[in-house]
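[1] next comes the sequence, and after it the predicted model I'd like to discuss.
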Amino acid sequence: MNLLLVISAGILMVVGLIGSMKKKFPGTIFAYLGIILLHYSKLAQYSIHFFILWGVLIIAIQGLDYILPDWGNRKFGGSNKGVWGSMIGMLIGLIFGKWFLVAGAILGALVGELLAGKKSNDAIHHSVGAFLIFILGTISQLIVCGVLLRHYITSVSYLF
């Protein structure tokens, strides 16, 4: 039973990490559930304060992840196509390396805004705004998932 909990927690941690890079997917919640499963194994014991702190942080980050893109679009005048273009461009950029990750996200947002019918100057302004909002949400989720993954690896490293 202990091994099943550890493996299930590891799967949830990976799903959370991957999910944190997808828009509107609660990746941090999956990582949090992984830590909860790990807590019920014999490898790690966390305090109630640990769970409350991380629970509140995850709720805040997930809430901002749902609110920030809409707010950013209104603030910068962008469209949903720009946000989706940024996400698709970033994923395509992952294939070619870290510099293409940023360039792909900005170019993807630019293409999305142009497809939405924006003029080129407006599309550039909106694409940079959409990219910044997307990166802010993604980085915050990756940081949280990374810290929770570190807790998992630290606890599981005693098995090897």
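    Yep, it's here. Since the model is a prediction, treat every value here as computed from it, not as a measurement.
[2] residues contacting A123?
    Listed by C-beta atoms under 8 Å, 6 or more residues apart in numbering, the contact set of A123 reads 82, 110, 113-114. Using the backbone N, CA and C atoms, a C-beta is placed for each residue, glycine as well.
[3] recalculate using a threshold of 6 Å.
    Contact analysis of A123 by C-beta atoms under 6 Å, 6 or more residues apart in numbering lists 110, 113-114.
[4] let me know the average pLDDT across the helix or strand containing it.
    Element membership of A123, judged by DSSP states H and E, is helix 120-156. The pLDDT scores in helix 120-156 average 83.
[5] next, G82: secondary structure please.
    helix (DSSP: H, G, I helix; E, B strand; the rest coil).
[6] now the most centrally placed residue in the chain: how far from V83?
    Centroid-nearest residue in the chain: S20, 2.5 Å away (criterion: C-alpha atoms, centre = their mean). Distance, S20 to V83, by C-beta to C-beta, to the nearest Å: 16 Å.
[7] give me the three-state assignment for K22.
    Applying three-state DSSP: K22 is coil.
[8] what about the closest residue to it other than its chain neighbours, distance to Q62?
    Closest residue to K22 apart from its sequence neighbours, by C-beta to C-beta, 6 or more residues apart in numbering: M87 at 7.7 Å. Per C-beta to C-beta, M87 is found 17 Å from Q62.
[9] understood, closing this out.
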